[in-house]
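**Q** Fold the following and give me the result.
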Amino acid sequence: MLHRNMAKLSRYLMIACLVISIVVIETILMNVWRYYPARKSEEDVPVKIGTTWEDLANYKSSASPNAAIITVPSLDNIIVNPCSYQTDRVLCQPQNNIVFLKTHKTGSSTIQNIFFRYGEKHNLTFALPKRSNIAGWPSLFHPGYLRDGVPKFKKYNIFAIHCRFYQVGLKEIMDPSSVYVTVLRNPVDQFVSIFNYFEPQIQKSLNITGDILSEFLAQPEYYFRPGKSFRLVKNPNLFDLGMPVEDSDNQTAVREKIRELDRIFDLVMITDFMEESLVLLRHLMCWDLEDIVYVNLNVGIEQKTRKNEAKEKAKAITDWNKADVALYEYFNATLWRRIREFGVEKMDCEVRHLRQATDKMYKSCLGNSSDATQPLKVLIRVRQSLEVNMHIRITLESIISQTQILQYLCNH
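**A** Got it, this is the predicted structure:
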């Protein structure tokens, strides 16, 4: 009897060991599969056959059964092997709640597109404005400027549209765990870009003809009228970040505002060091390399002319925008401190692989990596056509079409 019981116990132990072994092996394989995904075939990227530009224009929502379903392109076939320094998924979880304060003429459309692409990929919810791509600007943000106002049940995952920063309003619609991100640009280059991009509006508000930037900088105090002039002609970054223009000449108020922003924002990216900023963003968000591969959007075409213009007028611009200069210098120094903490060699490695991945994406989609503005020109021409000729409202649906059009080019 004892022998039979021992034999039976032995069989049970063998079965238990076998089950445990299967579970362990399955867990190992799942982790290997997660970090080294199999290359997808073209069939794994569902693109509706026969998609036309009209389909893109009529696109409503990826959740709509009648929409032209065009997914964000799979980058598995074009991303190089990632750097040995990877985001450790054991120690962190991907962040899905994001507040991105979109500033003017800082490369923010490029970053916005990254957030939209990530949100679409993971079926996240977006805060959308009632009109255009702006939530109440130049007024301080209020949930009433959103298409759906304050969400009734679950708060939004992603806020990545133009607004004038007001955290009290944002807290009403966003999860408390939201990561706060914004971007700044060298104030000289930004100021020149603003005057080029918004020339008609600035010309009208300042009543200047001819070379409006030169005329304005010759006597800015004469032309500038608080509350009446175009809002971005003095310290535009601090204005976007919620500071009244009349306070930007008060050094104490500026220092307090910078400290406040430093407490609120988890990352302030710098356009002039976009790749380094994106690497820090990737690790802050616990994302993958493919999540931050990007296409430059809304970049000016005549960049050489603008750079020469910026050099000639640098002193006049910085003298007029001293508060923005102080803001930029503070967060630029903060960025480089974070890079040193991250590790310079580690950063060089990740930037190198990001460039390789971006270059491969350009080659795969447009067959040419030498002209980094080529996809930009294609996307902007199409987007302007959709906006102007077809009177499309610029909400999430039409903004996402930038990504869809790129994928359309990649797959046709």
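**Q** Please make it C-alpha for all contacts and neighbour counts, starting now.
**A** Noted.
**Q** Grab the longest strand from the chain for me.
**A** strand 179-184 (DSSP state E).
**Q** looking at the chain, which helix or strand does the model trust least?
**A** Within the chain, confidence by mean pLDDT, DSSP states H and E is lowest for helix 53-57 among all helices and strands, at a mean of 34.
**Q** next structured bit after it?
**A** For helix 53-57, the following helix or strand on the C-terminal side (DSSP states H and E) is strand 98-101.
**Q** Could you report the pLDDT at Thr358?
**A** Thr358 carries a pLDDT score of 85 in this model.
**Q** Run a quick neighbour tally on it.
**A** Using other Cα atoms under 10 Å, Thr358 has 22 other residues around it.
**Q** Please apply the same query to Arg11.
**A** As a measure of burial, Arg11 has 12 neighbours, counting by other Cα under 10 Å.
**Q** What strand or helix carries it?
**A** Counting by DSSP H and E, the secondary-structure element that holds Arg11 is helix 2-35.
**Q** Then Met361?
**A** Assigned by DSSP H and E, Met361 belongs to helix 344-366.
**Q** now Ile208: how far from Met361?
**A** With the distance defined as Cα to Cα, to the nearest Å, Ile208 ends up 44 Å from Met361.
**Q** mind listing the strands for this structure?
**A** In chain order, the chain shows strands spanning 98-101, 158-159, 179-184, 267-270, with DSSP E as the criterion.
**Q** The ones you listed: which one's closest to Asp249?
**A** Proximity to Asp249 (Cα to Cα) singles out strand 179-184 among the strands of the chain, at 19.3 Å.
**Q** Contacts only, for Glu276.
**A** Under the criterion of Cα atoms under 8 Å, 6 or more residues apart in numbering, the neighbours of Glu276 are Ile339, Met347, Val351.
**Q** Export these as JSON lines, with columns for neighbour count, pLDDT and distance to Gln167.
**A** Converted to JSON lines, the contacts of Glu276 look like this (neighbours: other Cα atoms under 10 Å; pLDDT from 0 to 100; distance: Cα to Cα, whole Å):
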{"residue": "Ile339", "neighbour count": "19", "pLDDT": "96", "distance to Gln167": "27"}
{"residue": "Met347", "neighbour count": "19", "pLDDT": "95", "distance to Gln167": "31"}
{"residue": "Val351", "neighbour count": "19", "pLDDT": "95", "distance to Gln167": "32"}
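**Q** Just give me the closest of these to Lys152.
**A** Ile339 (40.1 Å).
**Q** Chain neighbours aside, what residue packs nearest to the closest one?
**A** Nearest-residue entry for Ile339: Met347, 7.0 Å, with adjacent residues in sequence omitted and distances by Cα to Cα, 6 or more residues apart in numbering.
**Q** Could you measure from that neighbour over to Leu280?
**A** In this structure, Met347 lies at 9 Å from Leu280, with Cα to Cα as the measure.
**Q** okay, and the common contacts of those two?
**A** With Cα under 8 Å, 6+ apart as the test, Met347 and Leu280 both reach Ile339.
**Q** The closest residue to Thr103 other than its chain neighbours: how many residues sit nearby?
**A** Nearest residue to Thr103 in three dimensions, chain neighbours excluded: Asp240, at 6.1 Å (Cα to Cα, 6+ apart). Residues within reach of Asp240, counting by other Cα under 10 Å, total 24.
**Q** Surely Asp240 is in contact with Ile161?
**A** No: the pair Asp240 and Ile161 does not pass the contact test of Cα atoms under 8 Å, sitting 11.7 Å apart.
**Q** And the average pLDDT for the helix holding Arg11 is what?
**A** Per-residue pLDDT values across helix 2-35 average out to 59.
**Q** coming back round to it: so between Ile208 and Met361, which is more surrounded?
**A** More neighbours sit around Met361 than around the other of Ile208 and Met361, counting by other Cα under 10 Å; the figures are 23 against 14.
**Q** just to revisit the earlier point, give the other helices and strands that the helix holding Met361 contacts.
**A** helix 274-285, helix 396-410 (3 or more Cα pairs under 8 Å, 6 or more residues apart in numbering; DSSP states H and E).
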